[in-house]
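Peer 1: Provided below are the primary sequence and the corresponding predicted coordinates.
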Amino acid sequence: GAGVSQSPSNKVTEKGKDVELRCDPISGHTALYWYRQRLGQGLEFLIYFQGNSAPDKSGLPSDRFSAERTGESVSTLTIQRTQQEDSAVYLCASSLGSPTEAFFGQGTRLTVV
Amino acid sequence: KNEVEQSPQNLTAQEGEFITINCSYSVGISALHWLQQHPGGGIVSLFMLSSGKKKHGRLIATINIQEKHSSLHITASHPRDSAVYICAVRSVETSGSRLTFGEGTQLTVNP
């Protein structure tokens, strides 16, 4: 596709369940980022993938959060045993490298009830 | 103190007014981004700057590396410009692996 695609666009889940969020970056973009935006707050960095290098996971808030990316393709962000404080919009962005312009997906709005 | 500070937090303007949003940062950077977040949550990258000035349509972004300051200007503002404008920087300390974001400026342009 022409842009960064995220799915699902909305997800409502029960507390304690696992969720998986998907990001399909722009073709050829080697860098992929996950960010989180809680209601009324700014964007927080979660994780960064650059090519085949080890990802920068320093923004992941707990060990319930993990992310994978195979090569330069799709990435999945997994949240295990979801908590209400995980409710947020999860945004994915990709870029040709770093530092270059980042293109954002529309986000996945996660609501934990 | 946040690494990236934006002002004002909220801005209301009348259609046609010239608008300025400011961003100050406290770290060494490799690049600064201006982003626009629409009411539905989608984010669009407006500019990426490492020096000087860039212009796109009615939008102008400037950066002063020595003063660690950037401004986003909107000329002839229009109600469709209403959005949250976010400044974000790539710190040289993190080797460009992440963006650090300002809190955003909520802009409302009234007809």
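Peer 2: Looks like it arrived, so ask away. Just so you know, these numbers come straight off a predicted model, no measurement behind them.
Peer 1: any low-confidence regions in the chain?
Peer 2: All of this is about chain A. A:1, A:98-100 (pLDDT under 70).
Peer 1: Sorry, I should have been clearer: chain B.
Peer 2: Along chain B, segments meeting pLDDT under 70 span B:1, B:41, B:94-97.
Peer 1: try 90
Peer 2: Confidence mapping of chain B against pLDDT under 90 gives the ranges B:1-3, B:27-31, B:37-45, B:48, B:50, B:90-100.
Peer 1: Near chain A, which residues of it are found?
Peer 2: Taking C-beta under 8 Å from any C-beta of the partner chain as the test, the list of chain B residues beside chain A reads B:30-31, B:33, B:35, B:40-45, B:48, B:50, B:86, B:88, B:90, B:94-104. For the C-beta atoms, the positions are set from N, CA and C on the backbone; glycine is no exception.
Peer 1: Now a ChimeraX select for only the buried ones of those residues.
Peer 2: The following ChimeraX command selects only the buried members of the residues of chain B next to chain A, with burial defined by 16 or more other C-beta atoms under 10 Å in any protein chain shown:
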select /B:31,33,35,41,42,43,45,48,86,88,90,94,96,97,98,99,100,101,102,103,104
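Peer 1: contacting residues around B:Ile65?
Peer 2: B:Ile29, B:Ser50, B:Ser51 (C-beta atoms under 8 Å, 6 or more residues apart in numbering or on different chains).
Peer 1: For residue 24, give me its contacts.
Peer 2: No chain in the question, so chain A it is. With contact taken as C-beta under 8 Å, 6+ apart, A:Asp24 is in contact with A:Gly1, A:Val4, A:Ser5, A:Gln6, A:Ser7, A:Ser73, A:Val74.
Peer 1: ah, no, chain B please
Peer 2: Shown here is B:Ser24, whose contacts under the criterion C-beta under 8 Å, 6+ apart are B:Val4, B:Glu5, B:Gln6, B:Ser7, B:Lys68, B:His69, B:Ser70.
Peer 1: Compile these into TSV and extend it with columns for neighbour count, distance to A:Glu44 and secondary structure.
Peer 2: What follows is those, written out as TSV (neighbours: other C-beta atoms under 10 Å in any protein chain shown; distance: C-beta to C-beta, whole Å; DSSP: H, G, I helix; E, B strand; the rest coil):
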residue	neighbour count	distance to A:Glu44	secondary structure
B:Val4	24	13	strand
B:Glu5	15	17	strand
B:Gln6	23	16	strand
B:Ser7	13	21	strand
B:Lys68	17	22	coil
B:His69	15	24	strand
B:Ser70	26	21	strand
